[in-house]
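A.B. asks: sequence isn't available, so here's the structure alone:
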């Protein structure tokens, strides 16, 4: 996918005039990020916004001495690193590639010039930030009110992307971070789902969802 086409399909930039999107695409820096590598870490200086061109990026945070918590998993067309655009604060979380990925980097100064010329785009930024806050609130609510099997069911449904059969590309450690529990407890939940026949597994990571409704109910009824 070309830089220009990616901007065409990204809600934040799709509202801009064609010439502005073309100019932005010419200033984009494409980065190839190998699986497991970080684009940035918490407390790093903030200078750029990123769009996922290909692959999957985890936004995660690890409290001092605590377990990593994955706040979001972003796919093609989704952007990240937007908050410091407005306050120049350091990064508040880590951004890591879950699979080999390509991202486009846009420096803040270029984007600020665009926003100054097209202030209507700021409402879309506000909408994006609100959506991220709601997602974070939901993750915190899940951690407080859902047990490990419920959170595991919810993450499997999300990672299936509405497909009946899917390949789980995350490692066990990454899945544990998504669930917010130890590998042992997550594996125990998966073993239970296999025993109940809600899912089946071929090889190491080729999953089939046999009873989506049962998984959805176990996840709290909303995915």
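C.D. replies: Here it is on my side, so go on. Being a predicted model, the structure only gives us computed values, none of them experimental. Numbering: from 1, shown residues only.

A.B. asks: show me where this protein has its strands.
C.D. replies: 29-33, 38-40, 48-54, 57-61, 69-74, 79-80, 94-97, 101-107, 165-167, 199-202, 206-209 (DSSP state E).

A.B. asks: can you lay out these as a markdown table showing mean neighbour count and distance to residue 11?
C.D. replies: In this view, the C-beta of every residue, glycine as well, is placed from N, C-alpha and C. Output for the strands of the chain, formatted as a markdown table (neighbours: other Cβ atoms under 10 Å; distance: least, Cβ to Cβ, whole Å):
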| stretch | mean neighbour count | distance to residue 11 |
| --- | --- | --- |
| strand 29-33 | 15 | 21 |
| strand 38-40 | 19 | 21 |
| strand 48-54 | 21 | 11 |
| strand 57-61 | 21 | 17 |
| strand 69-74 | 20 | 13 |
| strand 79-80 | 20 | 9 |
| strand 94-97 | 22 | 20 |
| strand 101-107 | 20 | 15 |
| strand 165-167 | 13 | 25 |
| strand 199-202 | 14 | 33 |
| strand 206-209 | 17 | 29 |
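
A.B. asks: which of those has the lowest average pLDDT?
C.D. replies: Sorting the strands of the chain by mean pLDDT places strand 69-74 lowest, at a mean of 84.

A.B. asks: give me every residue that touches the residue nearest the centre of the chain.
C.D. replies: Central residue of the chain (Cα atoms, centre = their mean): residue 73, 1.8 Å from the mean position. Contacts for residue 73 (Cβ atoms under 8 Å, 6 or more residues apart in numbering) come out as 56, 57, 58, 59, 98, 158, 159, 178.

A.B. asks: next, the buried residues of the longest helix along the chain.
C.D. replies: When the chain is parsed with DSSP state H, its longest helix is helix 121-145. Judged by neighbour count (16 or more other Cβ atoms under 10 Å), helix 121-145 contains these buried residues: 121, 125, 128, 132, 136, 139, 142.

A.B. asks: the first one contacts residue 20, correct?
C.D. replies: No. Counting by Cβ atoms under 8 Å, no contact exists between residue 121 and residue 20, whose distance comes to 9.7 Å.

A.B. asks: between the two, what contacts are shared?
C.D. replies: residue 114.
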